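Engineer: Provided below are the primary sequence and the corresponding predicted coordinates.
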Amino acid sequence: CGGTAFTGKAFTFARGTVLEGNGFGLVNLTAADGLFDFVTGDLITFRNFHIGTAEQPVVLNNPEKGGNTAVVSSFTNSETRWENCHVYADVSVKDGYAAVWLGHARGTHTFVDCTVHGNVETTNGGNVALLVGGDGEFGMLNLNLEGCSFYGSVSSSNNSVIGWCPSNVTMVDCANYASVTGVNAGGFVGNSASCAMKLSFEGCINYGSISGSSGSALVGGFVGQDRHENATYTNCINFGDVSTAKNGAGFVANLASTSTFTNCLNVGNISKMSSGEHLGGIVGWGVPVIADCANIGTIDGANTAGNLVGKGAPASIQNSWGFGKTQGAAANGRLIGANDGEGSFSSNRYLESVSGSVSIGTDASGKVTLSEALTLVQEKYPQYHFIVSDGSIVPADSHLRAVQSSQPVDEEMSLRVLGTVNTLSLK
């Protein structure tokens, strides 16, 4: 499509259609709307292609456009599966559901070994994301991600890899490197309010910095606002720094229903901006059940600050470590800044030198020195090299950023419909 603009067209695919890219791609594009403006059908599979390159990302720049916007598909209501597909694009529009991949999405969508490299912003708020803008209807959107990575930046209201209200989300072995700025901002999900069903993370890592300067900002390394019941976070790590004017955490800023965190680690620093309420290494405010988790980041709060939880409603913590500094708040907690109601606590450890004065969930048997804490962290996470610097445990590799892998650059993409002689060739 050498330098020409494209606008999306409606496509209806037969059930079981497979579109095979064979490693080719579309390059040197400018976009007025999605490539597939409206995709319907059952079980459509896209394989082995890329749109844009690192040197020539697709550009979708329309400051007057609102509604549904994305480079791949502005609106889709189907079941799709994407395997080894990669999109490089920059999107700038007015508002609405805006994303690089899917703007307004319904149905079930599975992504395996896919990457998004892009920058997405709006001038008037909206639900903005690298992968999926979202959907406003209860129970209409299901997302499954495995082995996917995200790079770039997102800036608007409800921002992340997924912007607003995904009903069911499962992520396995995914990584976010993108920076995110917004009111409800997270490394993976911005806002899931009012559409709570299933949310599950396993083996996922956030490296991106996440921030929100609004007085109502809910900012988390993984999720900004989470109202999913019984969400699970297992074997996950946050390396990204989080800054907020309200609630913030390494994983979830605001947790309205009980969720479980198992064997998760926060490395990032969590800090207030002009103001701040509840800040924690794992959860800012909410009803978490935490087991075998650890924090080594500095928590700098205003109202409450806790190594693991800013303020519980209530929180329960077992066999977990508070090895970071807590400071700046009215209540600085060795594990938790404050706890409303009855929680359960057992076998937790904390630094004897920690500045936190609130001792909820701790006893003398859990006190360790900084040297002992470093040994425990190194033994539990041998894949990373941690050191002591200025009284804190930090990664020796200060940036912990992966090199972006290059994708093949071709001037033609052939999409072959398997089982027929039909070929769609785009030049």
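Structural biologist: Received, thanks.

Engineer: Going along the chain, name the helices of the stretch 251-400 of the chain.
Structural biologist: With DSSP state H, counting those that start in this stretch as the criterion, the stretch 251-400 of the chain has helices at 370-380.

Engineer: In it, where is pLDDT below threshold?
Structural biologist: The model of the stretch 251-400 of the chain has pLDDT under 70 over residues 355-356, 398-400.

Engineer: How about the stretch 1-150 of the chain?
Structural biologist: 1-10, 31-33, 37-38, 63-67, 95-96, 124-126, 136-139.

Engineer: So which residue is smack in the middle of the chain?
Structural biologist: Centrality entry for the chain: nearest residue to the mean C-alpha point is Phe188, 1.3 Å, by CA atoms, centre = their mean.

Engineer: doesn't Asn176 make contact with that one?
Structural biologist: Yes - Phe188 is within contact range of Asn176, at 5.9 Å (criterion: CB atoms under 8 Å). Backbone N, C-alpha and C define where each C-beta goes, glycine included.

Engineer: what do these two both touch?
Structural biologist: 161, 204, 206 (CB atoms under 8 Å, 6 or more residues apart in numbering).

Engineer: So Gly186 versus His385, what's the distance?
Structural biologist: Applying CB to CB, to the nearest Å, the value for Gly186 to His385 is 27 Å.

Engineer: what about the two, which has more around it?
Structural biologist: Legend: neighbour count by other CB atoms under 10 Å for Gly186 and His385, higher for Gly186 (35 against 10).

Engineer: partner residues bridging Ser211?
Structural biologist: Thr181, Ser243 (DSSP bridges).

Engineer: Tell me who's in contact with it.
Structural biologist: Going by CB under 8 Å, 6+ apart, Ser211 touches 179-181, 185, 219, 242-244, 273.

Engineer: Drop anything exposed from the residues you listed.
Structural biologist: Among the contacts of Ser211, those scoring as buried are 179-181, 185, 219, 242-244, 273 (criterion: 16 or more other CB atoms under 10 Å).

Engineer: Mind putting those residues into JSON lines with distance to Gly16?
Structural biologist: Formatted as JSON lines, the buried ones among the contacts of Ser211 follow (distance: CB to CB, whole Å):
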{"residue": "Ser179", "distance to Gly16": "39"}
{"residue": "Val180", "distance to Gly16": "36"}
{"residue": "Thr181", "distance to Gly16": "41"}
{"residue": "Ala185", "distance to Gly16": "38"}
{"residue": "Val219", "distance to Gly16": "42"}
{"residue": "Val242", "distance to Gly16": "43"}
{"residue": "Ser243", "distance to Gly16": "47"}
{"residue": "Thr244", "distance to Gly16": "46"}
{"residue": "Met273", "distance to Gly16": "51"}
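
Engineer: Pick out whichever of those sits closest to His109.
Structural biologist: If you rank the buried ones among the contacts of Ser211 by distance to His109 using CB to CB, Val180 comes first, at 20.7 Å.

Engineer: pLDDT wise, what is the closest one at?
Structural biologist: pLDDT recorded at Val180 is 91.

Engineer: Verify the stated contact: it with Gly152.
Structural biologist: No - judged on CB under 8 Å, Val180 makes no contact with Gly152 at a distance of 9.8 Å.

Engineer: For Ala302, which non-adjacent residue is spatially closest?
Structural biologist: For Ala302, ignoring the flanking residues on the chain, the nearest one in space by CB to CB, 6 or more residues apart in numbering is Gly276 at 3.9 Å.

Engineer: if I look at the one you found, how far off is Gly215?
Structural biologist: If you go by CB to CB, the gap between Gly276 and Gly215 works out to 10 Å.

Engineer: between these two, who's got more neighbours?
Structural biologist: More neighbours surround Gly276 than the other of Gly276 and Gly215, with 28 against 13 (other CB under 10 Å).

Engineer: residue contacts, that one?
Structural biologist: Neighbouring residues of Gly276 by CB under 8 Å, 6+ apart: 244-248, 301-303.

Engineer: which one of those residues is nearest Pro395?
Structural biologist: Gly248 (20.3 Å).

Engineer: A helix includes the closest one, no?
Structural biologist: No - counting by DSSP: H, G, I helix; E, B strand; the rest coil, Gly248 is not part of a helix but strand.

Engineer: Check the gap between it and Ser192 for me.
Structural biologist: Gly248 is 17 Å from Ser192, by CB to CB.

Engineer: the more surrounded of the two?
Structural biologist: Per other CB under 10 Å, whichever of Gly248 and Ser192 has more neighbours is Gly248, with 39 against 28.

Engineer: contacting residues for the more buried one?
Structural biologist: Here Gly248 is in contact with 212, 217-220, 242, 270-272, 276, 279, 284 (CB under 8 Å, 6+ apart).

Engineer: May I see the residues you listed arranged in CSV, with distance to Ser78 as well?
Structural biologist: Shown next, in CSV, are the contacts of Gly248 (distance: CB to CB, whole Å):
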residue, distance to Ser78
Gly212, 33
Ala217, 34
Leu218, 31
Val219, 33
Gly220, 30
Val242, 35
Ile270, 39
Ser271, 42
Lys272, 43
Gly276, 42
Leu279, 41
Gly284, 36
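
Engineer: quick check, nearest of the residues you listed to Val18?
Structural biologist: Gly220 (36.9 Å).

Engineer: so that closest one sits right up against Gly182, yeah?
Structural biologist: No - using CB under 8 Å as the test, Gly220 is too far from Gly182 to be in contact (11.4 Å).

Engineer: more neighbours, those two?
Structural biologist: Each of Gly220 and Gly182 has its neighbours counted (other CB under 10 Å); Gly220 has more, 38 against 30.

Engineer: Spit out the contact partners of the closest residue to that one other than its chain neighbours.
Structural biologist: When the adjacent residues along the chain are set aside, Gly220 lies closest to Ala253, with 4.1 Å between them (CB to CB, 6+ apart). Ala253 sits next to 186, 217-220, 223-225, 242, 244, 246-247, 283-285 when contact means CB under 8 Å, 6+ apart.

Engineer: same thing but at 7 Å, please
Structural biologist: Contact partners of Ala253, counting by CB atoms under 7 Å, 6 or more residues apart in numbering, are 218-220, 224-225, 244, 247, 284.

Engineer: same check, this time on Val267
Structural biologist: Taking CB under 7 Å, 6+ apart, we find Val267 in contact with 237-239, 296-297, 395.

Engineer: Kindly recompute the last result at 6 Å.
Structural biologist: 239, 296-297 (CB atoms under 6 Å, 6 or more residues apart in numbering).

Engineer: ok, now Ala249?
Structural biologist: With CB under 6 Å, 6+ apart, Ala249 has these contacts: 220, 280, 283-284.
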